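S.K.: got a sequence here, can you model it:
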Amino acid sequence: MSDEDIRQAAPATAGGNDGDGGGKPLHEKGAAMKHVTEEEAPLSAGFTLRKILGGDFLTAEVIRKQIGVIILVAFITMIYVSNRYSCQQDMLEIEELKEELKDAKYKALASTSELTEMCRESNVLEMLKDNEDSVLQIPTQPPYIINIPGNE
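M.R.: Next comes the predicted model:
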């Protein structure tokens, strides 16, 4: 029932011969009828599967009033999806960098191990024997200990 139907029905009941004694003013009866018709209107009675799939429900007043909310929800959903995609890309990059770091640590450990092996006294002495150009020789006497009288 529209506002126009309520206005037409209100003068008919305003005469006072409807059995209620005519005690209510005209504007109260119209407001009461409007209130009753708003509460009794079924919101989903007109929504059928055909109307929903066809898109006819988008012309309904309820949907038109909520279009701002619908657009906001769609916008937030797009931001959520793009943020998730970005996070997944970052996580993949982090995993690749972790693998690179692991490889670099293994290479550094291997280099350190080789250097330590080359610097051992036995290896240095062997390299000196093999290299005939070197003037360095293996000492045959133990080192001298020099005692200085003022530094004891």
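
S.K.: Lys65: how many residues sit nearby?
M.R.: Residues lying near Lys65 (other Cβ atoms under 10 Å) number 9. Every C-beta, even on glycine, is put in place using the N, C-alpha and C of the backbone.

S.K.: just for this structure, where's the confidence low?
M.R.: Across the chain, the ranges flagged by pLDDT under 70 are 1-45, 151-152.

S.K.: ok, 80 please
M.R.: For the chain, the stretches flagged by pLDDT under 80 are 1-47, 52, 55-60, 62-63, 132-139, 151-152.

S.K.: which residues of it fall in helices?
M.R.: Assigned by DSSP state H, the helices in the chain fall at 3-13, 26-40, 49-54, 61-65, 67-119, 121-130.

S.K.: how far away is Lys98 from Met127?
M.R.: 39 Å (Cβ to Cβ, to the nearest Å).

S.K.: same thing with Ile63?
M.R.: Counting by Cβ to Cβ - Ile63 and Met127 are separated by 87 Å.

S.K.: one more: Ala108?
M.R.: Counting by Cβ to Cβ, the gap from Ala108 to Met127 is 24 Å.

S.K.: one more: Ser82?
M.R.: Distance, Ser82 to Met127, by Cβ to Cβ: 62 Å.

S.K.: and if you look at Glu95?
M.R.: 43 Å.

S.K.: ok, now Ser134?
M.R.: Counting by Cβ to Cβ, the gap from Ser134 to Met127 is 9 Å.
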